[in-house]
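Undergrad: Need a 3D model of the following:
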Amino acid sequence: MQSNSLTRRTALAATGAAVAAASSLSTKPLRAQSKTDVVVIGAGLSGLNAAMLLEEQGYKVQVIEGRDRVGGRLLSLRDIPGNPEAGGNGIGSGYGRMIDIVERLGIPMLNSAGRAQITPFELYLDGERISAEQWPTHARNILPEAYKAFSPRLVPLVLLRQTNPLASFEDWYDAKSKPHDISVYDVFKNNGFTDEQIDLTYNLNVPYGTSAHDISALMMWFNDGWVASMEGGEPVQLSAIGGNMTIPEAMAKALSSEVHIGRQVVGIRSDDSGAEVVCGDGTVYKADRVVCSLPLPVMRYIKFDPYLPSVMAKGIALVPYFPMTQVHLVAKEPFWEADGWSPDMWTDTVAGHVIANRHNVDNTDVTSLTAWARGFTALQLDQVSPEEGKAWVISEFERIRPSAKGKLEAPQIKSWLRDPFANGDYAVWEPGQVTEFLHAIGQPHGNIHFCGEHTALSNRGMEGAMESGERAAFEIMDT
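TA: Numbers count the residues shown, from 1 in each chain. Have a look, this model is predicted:
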């Protein structure tokens, strides 16, 4: 192994291997592997970024993945017009690491910022369509006077921005922020909202968690500050041509060693001599160091030897992941032109929050629709079979939108909670959990280093995953 004499600046500036130099993915079971420098568990963005950075510094790295594909929670649905995303929707202007990697690997990108919400979201409550113009004076508008002009889905964003106590969004992981690690419900109540108003604005189609009771306002304030830091200037919403899954696929191809897929990890051992990763098929990987990028719910089923520190183990056991189920719909004909209403909807049905995807040269061309069921609504859909879930969403869609009758089909449904390699979409912190667990779950344990969006301190989503992989790689370099 090449000694690590390079600085972090040099490591970040180093270029990756050419995409064209890739080999295919390996699935052949191996009873034992010769020892390598680092084994990376998980071929999502965080694991692949760690692997690329380590390889650039001369480390011999082997990436293993439980799924039959790379990408983790980036999933492009390439059998649907426009390649809609089931995970990893867009890259904003502040996604420095993501923008760097797509430029380094020469991945063709498209700025789709101008395509978002060309038409306004319309409300559908108790089967009634309520337009944006009708809402401020509508009988169903029970909001406080200062918020009556806002669509219910925007009220949590407005309230949290108005009340954000953080001088910098990165203060969320500072110990002094512990008094702010309260529930979103408490923020609403402290600002005069009734339970009925909270149900309408937050719980109906939750942005995070399952209700205002079980989500930390501190996490929401961090998220708001992070998003606000990217506002201003030219809108940027980059997406890869062919789907964002193209990005981790290109990262995997840029590695010197092929990614071993179908390797579901069941145990990790670590001692002074190095580490071993044991897979369910009997394969054993030996290395000096291990990078574990697995989501927290997946780590609950892995045996660590020696045991993890108590606070870390408690965080892994308790921090929940967001229930998210998407039903991807294709319209046989544009029924929204027949009734003259927007294809974008915010509903009180299992269809949840419906977004029209416009992934064509013409920004007004709707290529597909995605019904986003979140929180308890997602759990409702997950109680029935995938086919029953698709039919349920279409039936509710047709009930509140008669012009859609017989004009929709649902080629895909994706439940992240049902995905055995995710068990939820991403980490959502309950009140008190940020200050108790955030630092602990990202700490090294012996020769094991941890990454993944749940360990990111300064970014969210894809950029958070990249940040965490970078940190894990630097931890190894620093040793």
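Undergrad: now the strands for the stretch 201-350 of the chain?
TA: 238-240, 260-261, 265-271, 274-279, 284-292, 303-305, 324-331, 345-347 (DSSP state E, counting those that start in this stretch).
Undergrad: Quickly run through the sheet partners of the fifth one, with directions.
TA: Spelled out, it's strand 284-292. strand 36-41 (parallel), strand 274-279 (antiparallel), strand 448-450 (parallel) (DSSP bridges).
Undergrad: Neighbours of Met220, how many?
TA: By other C-beta atoms under 10 Å, 27 other residues sit near Met220. Heads up, the C-betas are built off the backbone N, CA and C, glycines and all.
Undergrad: what about the longest helix in the protein?
TA: Determined from DSSP state H, the single longest helix within the chain is helix 461-478.
Undergrad: Return the set of buried residues in it.
TA: Using 16 or more other C-beta atoms under 10 Å as the test for burial, helix 461-478 gives 461-477.
Undergrad: Could you check how far His328 is from Val393?
TA: 10 Å (C-beta to C-beta, to the nearest Å).
Undergrad: circling back: of the strands of the stretch 201-350 of the chain, which approaches Tyr173 most closely?
TA: strand 284-292 (20.4 Å; C-beta to C-beta).
Undergrad: Pull out the buried residues from the closest one.
TA: For strand 284-292, using 16+ other C-beta under 10 Å, the buried residues are 285-292.
Undergrad: Tell me which of the strands of the stretch 201-350 of the chain lies nearest to Glu387.
TA: strand 324-331 (11.1 Å).
Undergrad: related to what we said a few turns ago, figure out which of the strands of the stretch 201-350 of the chain is closest to Ser46.
TA: Closest among the strands of the stretch 201-350 of the chain, using C-beta to C-beta: strand 284-292, at 8.5 Å.
Undergrad: would you turn the buried residues of strand 284-292 into a markdown table with pLDDT?
TA: Formatted as a markdown table, those follow (pLDDT from 0 to 100):
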| residue | pLDDT |
| --- | --- |
| Tyr285 | 97 |
| Lys286 | 97 |
| Ala287 | 97 |
| Asp288 | 97 |
| Arg289 | 98 |
| Val290 | 98 |
| Val291 | 98 |
| Cys292 | 98 |
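Undergrad: Tell me the one of these nearest Gly242?
TA: Nearest to Gly242 among the buried residues of strand 284-292: Val291, at 27.8 Å, using C-beta to C-beta.
Undergrad: ok, now how distant is the closest one from Arg97?
TA: According to C-beta to C-beta, Val291 and Arg97 sit 16 Å apart.
Undergrad: just Val227 next, same as before
TA: 17 Å.
Undergrad: quick one: which of those two has more around it?
TA: Arg97 (20 against 15).
Undergrad: these two touch, right, the more buried one and Glu463?
TA: Yes. When contacts are counted by C-beta atoms under 8 Å, Arg97 is listed as touching Glu463 (5.9 Å).
Undergrad: re earlier: now list whatever residues contact both of His328 and Val393.
TA: Common neighbours of His328 and Val393, counting by C-beta atoms under 8 Å, 6 or more residues apart in numbering, are 371, 410.
Undergrad: Those two: which has the busier surroundings?
TA: Neighbours per residue, other C-beta under 10 Å: of His328 and Val393, the larger number sits with Val393, 25 against 22.
Undergrad: Now do the SS call for the more buried one.
TA: Put simply, Val393 is helix when judged by DSSP: H, G, I helix; E, B strand; the rest coil.
Undergrad: Not counting sequence-adjacent ones, nearest residue to it?
TA: Using C-beta to C-beta, 6 or more residues apart in numbering and skipping residues adjacent in sequence, the residue nearest Val393 is Val327, 4.4 Å away.
Undergrad: For this protein, which element, helix or strand, carries the lowest mean pLDDT?
TA: helix 8-13 (a mean of 39; mean pLDDT, DSSP states H and E).
Undergrad: The longest helix of the chain vs strand 36-41, what angle?
TA: 160 degrees (axes from the mean of the first three to the mean of the last three C-alpha atoms, to 10 degrees).
Undergrad: counting contacts, what elements does helix 461-478 pack onto?
TA: helix 8-13, helix 45-56, helix 96-104, strand 284-292, strand 448-450 (3 or more C-beta pairs under 8 Å, 6 or more residues apart in numbering; DSSP states H and E).
Undergrad: between these, which one is nearest to Gln62?
TA: Per C-beta to C-beta, nearest to Gln62 of the helices and strands packed on helix 461-478: strand 284-292, 6.3 Å.
Undergrad: And for the closest one, what's in contact with it?
TA: With C-beta under 8 Å, 6+ apart as the criterion, strand 284-292 contacts 1, 31-42, 47, 50-51, 62, 64, 268, 270, 274-279, 299, 447-451, 469, 472-473, 476, 479.
Undergrad: Recalculate using a threshold of 7 Å.
TA: With contact meaning C-beta atoms under 7 Å, 6 or more residues apart in numbering, strand 284-292 is reached by 32-33, 35-41, 47, 50, 62, 64, 268, 274-278, 447-451, 472, 476.
Undergrad: Could I have the CA atoms of it written out in PDB?
TA: Extracted C-alpha coordinates of strand 284-292, given in PDB (Å, rounded to 0.1, in the frame of the first residue of the first chain):
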ATOM      1  CA  VAL A 284     -15.200 -13.800   3.900                       C
ATOM      2  CA  TYR A 285     -13.300 -10.600   3.000                       C
ATOM      3  CA  LYS A 286     -10.200  -9.700   5.000                       C
ATOM      4  CA  ALA A 287      -8.800  -6.200   5.100                       C
ATOM      5  CA  ASP A 288      -6.800  -3.700   7.300                       C
ATOM      6  CA  ARG A 289      -9.800  -1.400   7.400                       C
ATOM      7  CA  VAL A 290     -13.600  -1.600   6.700                       C
ATOM      8  CA  VAL A 291     -15.800   1.200   5.500                       C
ATOM      9  CA  CYS A 292     -19.500   0.500   6.400                       C
END
